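Asks: Give me a 3D structure for the following:
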Amino acid sequence: MPLKADLDAIDWKILKELQDDGRITNVELSRRVGISAPPCLRRVKRLEEAGIIRGYRALLNSPALGYDVVAFCLIGLHLQSEAELKIFAERTRQWPIVRRAWMVSGDSDFLLHCVATDLSTFQGFVIEELTSTPNVDTVRTALTIRQVKDVGLVAIPDQPA
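Replies: The predicted structure is shown next:
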């Protein structure tokens, strides 16, 4: 599969290091990827400006903050017109309990990643918000038991082709 971005081996190393540790200093990053600090910083800025690096954020320990429930919801809509899909997508942005959302293919139209303080709060969201939302036909939920893997979103090979 052809790449959508023109990246060399150093760019890939930068992306791998930043995905593993977004707080790394430019000096340490440049040392790890084998170039001096000024060109390393220029490369990072170029990757940011190109939209390849979308941003940086802290990864929070949700259970330590009292958010013990992680669940996924598969949503099926009655109507799948472009306008209805956009309306539902916009609605997901208004629900704080929904942390990530995807439009999907198959039996469902949307997949929602939800995080709540407790089961009662999640159930209230499903019953009072999701099932009563206009155009929602089906809501299927899956409560997580335990997270078994948590890595960066892109699998960056050690030696990209």
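
Asks: Domains in this protein, by residue range?
Replies: 9-49, 63-143 (automatic domain parsing).

Asks: what about the first one, how long is it end to end?
Replies: Distance between the boundary residues of domain 9-49 (Cα to Cα, to the nearest Å) amounts to 19 Å.

Asks: coming back round to it: and residue 153, which of the domains of the chain is closest to it?
Replies: Ranking those by proximity to residue 153 (Cβ to Cβ) places domain 9-49 first, at 7.7 Å. Yep, even glycine has a C-beta here, placed from its N, CA and C like the rest.

Asks: how far does the closest one sit from the chain's center?
Replies: Counting by Cα atoms, centre = their mean, to the nearest Å, domain 9-49 is centred 22 Å from the centre of its parent chain.

Asks: re earlier: I'd like the domains of the chain as JSON lines, with distance to residue 55, mean neighbour count and mean pLDDT appended.
Replies: What follows is the domains of the chain, written out as JSON lines (distance: least, Cβ to Cβ, whole Å; neighbours: other Cβ atoms under 10 Å; pLDDT from 0 to 100):
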{"stretch": "domain 9-49", "distance to residue 55": "8", "mean neighbour count": "15", "mean pLDDT": "96"}
{"stretch": "domain 63-143", "distance to residue 55": "14", "mean neighbour count": "15", "mean pLDDT": "97"}
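
Asks: For residue 156, which of those domains is the nearest?
Replies: Within these, the stretch nearest residue 156 is domain 9-49; the backing value is 4.3 Å (Cβ to Cβ).

Asks: related to what we said a few turns ago, adding distance to residue 152 as columns, could you present the domains of the chain in a markdown table?
Replies: Putting the domains of the chain into a markdown table (distance: least, Cβ to Cβ, whole Å) gives the following:
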| stretch | distance to residue 152 |
| --- | --- |
| domain 9-49 | 4 |
| domain 63-143 | 15 |
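
Asks: now for those domains, which one comes closest to residue 149?
Replies: For the domains of the chain, distance to residue 149 was read as Cβ to Cβ. The smallest value, 13.3 Å, belongs to domain 63-143.

Asks: who's in contact with the helix or strand hosting residue 92?
Replies: Taking DSSP states H and E as the criterion, residue 92 maps to helix 82-94. For helix 82-94, contacts defined as Cβ atoms under 8 Å, 6 or more residues apart in numbering pick out 75, 77, 98, 101, 103, 109-110, 112, 133, 135-136.

Asks: Closest one of the residues you listed to residue 65?
Replies: Looking across those and measuring by Cβ to Cβ, the closest to residue 65 is residue 98, at 17.1 Å.

Asks: Fine by me, thanks again.
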